[in-house]
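# sequence first, then the predicted structure, then my questions.
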Amino acid sequence: MSDLITIYHKDCLFKDNGPRHPERQERVKSVLNSIKNIKNISVDFRESSLAKLSDISLVHPEKYINNIFSRIPLKGLVGVEQEPYADTFLCPYSKNAILRACGSGIDAANYLFDKENNKKIFCAVRPPGHHAETKRANGFCFINNVAVTARYLQKNFKIKKIAIIDFDVHHGNGTQEIFYNDDSVVYGSIHQSPLFPGTGLENENGVGNIFNAPILAGINGNKFIEIFENKILKKINLFKPEIILISAGFDAHKRDPLSQINLESKDFKILTNKIVNLANKHSNGRIISFLEGGYDLIALSESVKEHVIALTSN
């Protein structure tokens, strides 16, 4: 058994958002190269399947999904949002990229419960997912990959308690909206505020299952980790999840162009170690991590390396 399964697919590289767009194919290329160059851990690279409509519709109505795919152009780009956030685009290769990204989570769920009893899985895919709401694409996201995986786990493996931990610098408005009234899933997010998408205040707490930790621009790594532990992890510890899913965004790094938080690459190892400890305590070590944001390639490469090392450390 490998230390880590990494799920990816070349279809994710073909998704195009136009010149100078921060969410670009080089992100996945840099992530895969970084993981391949880590010494002393065994990584099993596997290609993701195409997600089935029946699985996606556990979260998103078929009408919404079909509408997204019907808008895919034969050439060029088509935006799916209104101003001022018109930065979520469809290109001719979008469908397979979207289905592969979502399919990675379905595959990961199955791998958790196969005969090999895998424990740690990283989905190195794009487009990201945590901004996608039940019926609305936004923030570069169309299908909420982590949410579909959570519902798939509940349906197929009778998992009753799932924790989704989101340390992307942007609040996962989609994930929060999907699970806002569902106490079988807790969602904990630490994120810069104010910042896109403008959600994630502390008083947005669902049915007691939503834990938001908005932070101001300029915060350093030590304070970020302290807040993360006190406002997110301590509450999830009380929930005792059977499985932990991570929306792993690396855009809280000091180099990232879309935010103003000052994490160093090594801070993502500390964050991840704390999540691993929680998973070992309550979840039989089971973690599925999904690539979300992170738009400086050097910071992304370094931070994913630290994340993966921590996932495989114990």
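Nice, I can see it.
# quick check: residue 128 vs residue 249, distance?
As for residue 128, its distance to residue 249 is 8 Å (criterion: C-beta to C-beta, to the nearest Å). C-betas here are computed from N, CA, C, even on glycine.
# neighbour count: the two, which is higher?
More crowded of residue 128 and residue 249, by other C-beta atoms under 10 Å: residue 128, with 30 against 27.
# pLDDT score for that one?
Listed pLDDT for residue 128 reads 98.
# what is the spatially most central residue of the chain paired to in the beta sheet?
Of all residues in the chain, the one closest to the mean position by C-alpha atoms, centre = their mean is residue 247, 2.8 Å from it. For residue 247, the beta-bridge partners are residue 166, residue 290 (DSSP bridges).
# quick check, it in contact with residue 170.
No. Counting by C-beta atoms under 8 Å, residue 247 stays clear of residue 170, with 9.8 Å between them.
# quickly list what's touching both of the two.
By C-beta atoms under 8 Å, 6 or more residues apart in numbering, residue 247 and residue 170 have these common neighbours: residue 130.
# show me the shaky parts of the stretch 51-200 of the chain.
Confidence mapping of the stretch 51-200 of the chain against pLDDT under 70 gives the ranges 83-85.
# okay, now residue 184: neighbour count?
13.
# can you pull the phi/psi pair for it?
Here the main-chain torsion angles of residue 184 (degrees, to the nearest 10) amount to phi -80, psi -10.
# find residues that contact each of residue 128 and residue 249.
291-293.
# mind giving me the packing neighbours of the longest strand along the chain?
When the chain is parsed with DSSP state E, its longest strand is strand 185-192. Contact here means 3 or more C-beta pairs under 8 Å, 6 or more residues apart in numbering; DSSP states H and E; on that basis strand 185-192 packs against strand 162-166, helix 173-179, strand 210-215, helix 221-228, helix 234-239.
# repeat that with 6 Å
Judged by 3 or more C-beta pairs under 6 Å, 6 or more residues apart in numbering; DSSP states H and E, strand 185-192 is in contact with strand 162-166, helix 173-179, strand 210-215, helix 234-239.
# ok, residues contacting the third one?
By that I understand strand 210-215. 176, 187-190, 192-193, 200, 202, 204, 227, 231-232, 235 (C-beta atoms under 6 Å, 6 or more residues apart in numbering).
# so where do the strands sit in the stretch 51-200 of the chain?
Remark: strands assigned in the stretch 51-200 of the chain by DSSP state E, counting those that start in this stretch are 78-79, 89-90, 120-123, 162-166, 185-192.
# tell me which of those sits most buried.
strand 162-166 (a mean of 28; mean count of other C-beta atoms under 10 Å).
# how about that one as PDB, C-alpha atoms only?
In PDB, the C-alpha atoms belonging to strand 162-166 read as follows (Å, rounded to 0.1, in the frame of the first residue of the first chain):
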ATOM      1  CA  ILE A 162     -18.400  14.100   7.800                       C
ATOM      2  CA  ALA A 163     -16.200  17.100   8.500                       C
ATOM      3  CA  ILE A 164     -15.200  19.500   5.700                       C
ATOM      4  CA  ILE A 165     -12.200  21.700   6.600                       C
ATOM      5  CA  ASP A 166     -11.500  24.600   4.300                       C
END
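# what about that strand, distance to the chain center?
Once both centres are worked out by C-alpha atoms, centre = their mean, to the nearest Å, strand 162-166 turns out to sit 10 Å from its chain's centre.
# so what touches it?
146, 150, 172, 175, 185-189, 236, 241, 243-247, 275.
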